[in-house]
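Q: mind looking at a prediction? Sequence and model below.
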Amino acid sequence: MNPIGTFDSRVLLAQLNFWKKDDPKEDMLFFVIVGSIILASIIWSLVKAALSGKGISFGSGESKGFSRSAFRRKAEDYGFSEGEAEFLEFYARKLGATSPQAVFGNKSQLDSFMKNTFKYIEQHAETETLAEEQKHQLFAIREALGARVSSGAAVRSTRQLKARTPLSIVTSKEAHYSTVLVVNEPKALYLEPALDAFGSPIRFGFGTKLMLYFYSGNHVGYSFQTRSRGMSDIDGKRFLTVSHSDRIKPLPARRHQRSEVRISGRFYLMHVHAAKDKGKVVKTVQIERAAVAGIIIDLSGGGLSMQTMSPASPGEFVKVEFDLGIGPRMAYASVVRVSKTRNGSLMHMKFVRASRKTVNEIRSVVYGYD
């Protein structure tokens with residue numbers, strides 16, 4: 001018999017006998033205590049995480065902490081389309097939004113989120129072309145939101161107009177003049193007289209048909225037809241008097257939000273010539289070298305208004321140059337209308353060709369993202 005082998009067997013048998021003598025209830029109690037401690041630690045960690053995240057709208061890094069369906073429902077409440085919601089959700093996760101409420105909680109939060117999205121695109125887009133495309137998409141969403149929010153209650157009668165409302169007068173001969181509503185009385189509207197090129201009041205015969213245009217406080221445009229009732233004296237002042245109208249028509253919704261600015265600019269007249277060459281019509285563009293100075297007084301992604309002493313005529317094309325503080329920029333535009341002012345004329349222009357980069361830069365000024 002091998003004494004060493006016998007000794008090992010006895011030791012092993014003694015160990016087995018030792019464990020068999022343990023009480024199973026004591027083992028169970030041990031595991032329950034340890035498990036309770038671990039579970040309590042996990043619960044405490046979750047509570048701390050929840051408390052530390054309270055009130056924080058954006059974290060650092062991409063977020064996966066909210067459901068897609070919850071975000072889409074909030075986006076739909078604001079009137080965003082499915083594609084718009086998908087675009088916003090993508091950047092909400094990139095910016096580390098903790099919940100849909102952090103984006104759509106109120107108008108201020110949504111504005112802040114879009115501004116942060118703009119900055120994120122500028123810093124992280126792979127190429128400049130892709131950055132301009134994404135910024136264009138962001139601004140299109142922002143402008144659509146602005147149009148929905150600003151629609152407000154419709155104006156149905158001229159009796160609702162408030163004093164100091166600017167109006168544009170258009171005659172049957174398509175002459176354009178600017179004026180301001182001074183007094184709104186139940187029997188008539190009293191306007192500042194329209195002025196001719198020499199600053200003299202223009203007299204419209206009694207009963208002359210006039211088309212008037214105005215914008216309400218929420219930037220929604222309207223038009224109405226009225227008739228002149230001649231000039232009236234009120235407290236020693238002369239006013240153009242026109243009849244009230246309850247047939248006010250809304251103008252097509254303004255697509256681009258405008259911002260009041262004061263920027264020096266200039267424009268060059270353009271001449272488009274068409275000629276036939278081998279049976280095809282070929283158009284050539286000639287741009288005058290002489291620049292006409294002006295002051296841009298409002299700006300949008302779709303056009304601008306320029307105050308000048310030498311305006312182009314409605315329907316003409318111009319090349320516009322200006323500086324937003326980031327270097328010279330240019331765009332081609334058509335003159336939509338021209339109205340007389342006390343300090344010259346006001347040209348309203350619509351862009352017909354402008355680079356996406358320039359349009360995005362203009363929009364960043366309009367929305368204060370610059």
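A: Great, that's in hand. Residues are numbered from 1 along each chain as shown.
Q: drop to CA atoms for contacts and neighbour counts, all remaining ones
A: Will do.
Q: and residue 178, helix, strand or coil?
A: Following DSSP: H, G, I helix; E, B strand; the rest coil, the label given to residue 178 is strand.
Q: that one and residue 201 touch, don't they?
A: No: if you go by Cα atoms under 8 Å, residue 178 and residue 201 don't touch, sitting 11.7 Å apart.
Q: overlap of the contact sets of these two?
A: residue 194 (Cα atoms under 8 Å, 6 or more residues apart in numbering).
Q: these two: who's more crowded?
A: residue 178 (22 against 16; other Cα atoms under 10 Å).
Q: spatially nearest residue to that one (excluding sequence neighbours)?
A: residue 168 (4.7 Å; Cα to Cα, 6 or more residues apart in numbering).
Q: quick check, pLDDT for the one you found.
A: Looking at residue 168, its pLDDT is 93.
Q: phi and psi next, for it.
A: Backbone torsions of residue 168, given as degrees, to the nearest 10, read phi -110, psi 130.
Q: quick one, what contacts it?
A: By Cα under 8 Å, 6+ apart, the residues touching residue 168 are 176-179, 212-214, 339.
Q: which one of those residues is nearest residue 224?
A: residue 212 (5.5 Å; Cα to Cα).
Q: so what does the strand or helix carrying that closest one touch, helix or strand wise?
A: Using DSSP states H and E, residue 212 falls within strand 209-215. Contacts defined by 3 or more Cα pairs under 8 Å, 6 or more residues apart in numbering; DSSP states H and E place strand 209-215 against strand 166-170, strand 221-234.
Q: out of these, which is closest to residue 157?
A: Of all the helices and strands packed on strand 209-215, strand 221-234 comes closest under Cα to Cα, at 9.2 Å.
Q: the helix or strand following the closest one pairs with which strands, parallel or anti?
A: Once strand 221-234 ends, the next helix or strand along the chain (criterion: DSSP H and E) is strand 237-242. Strand pairing for strand 237-242, determined by DSSP bridges: strand 188-191 (antiparallel), strand 221-234 (antiparallel).
Q: chain center to strand 237-242: distance?
A: Mean-position distance between strand 237-242 and its chain equals 38 Å (Cα atoms, centre = their mean, to the nearest Å).
Q: touching it from outside, list them.
A: 188-194, 226-233.
Q: what about the strands in this structure?
A: 166-170, 176-185, 188-191, 209-215, 221-234, 237-242, 249-250, 259-277, 280-287, 292-300, 303-308, 317-323, 328-341, 344-353 (DSSP state E).
Q: still on that earlier bit, want to throw the helices and strands packed on strand 209-215 into TSV with distance to residue 247?
A: Listed next are the helices and strands packed on strand 209-215 as TSV, based on distance: least, Cα to Cα, whole Å:
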stretch	distance to residue 247
strand 166-170	16
strand 221-234	6
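Q: out of these, which gets nearest to residue 311?
A: strand 166-170 (16.8 Å).
Q: listing partners with orientation, what would you give for that closest one?
A: With DSSP bridges as the test, strand 166-170 pairs up with strand 176-185 (antiparallel), strand 209-215 (antiparallel).
Q: how far is that strand from where the chain is centred?
A: Taking mean C-alpha positions (Cα atoms, centre = their mean), strand 166-170 and its chain are 26 Å apart.
Q: just the CA atoms of that strand, as PDB, please.
A: Only the C-alpha atoms of strand 166-170 are listed here, as PDB (Å, rounded to 0.1, in the frame of the first residue of the first chain):
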ATOM      1  CA  PRO A 166     -47.300 101.200 -43.900                       C
ATOM      2  CA  LEU A 167     -49.200 100.700 -47.200                       C
ATOM      3  CA  SER A 168     -48.300 100.600 -50.800                       C
ATOM      4  CA  ILE A 169     -50.600 102.200 -53.400                       C
ATOM      5  CA  VAL A 170     -50.800 100.800 -56.900                       C
END
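Q: can you check what angle separates it from strand 328-341?
A: 80 degrees (axes from the mean of the first three to the mean of the last three Cα atoms, to 10 degrees).
Q: which non-adjacent residue is nearest residue 342?
A: residue 199 is the one closest to residue 342 (Cα to Cα, 6+ apart), at 7.2 Å.
Q: burial measure for the one you found, as a count.
A: 13.
Q: quick check: pLDDT value at residue 233.
A: 90.
Q: check contacts around it.
A: Residues in contact with residue 233 (Cα under 8 Å, 6+ apart) are residue 239.
Q: surely residue 132 and residue 356 touch.
A: Yes: using Cα under 8 Å, residue 132 makes contact with residue 356 at a distance of 6.7 Å.
Q: more crowded one of those two?
A: Remark: of residue 132 and residue 356, residue 132 carries more neighbours, 21 against 15, as counted by other Cα under 10 Å.
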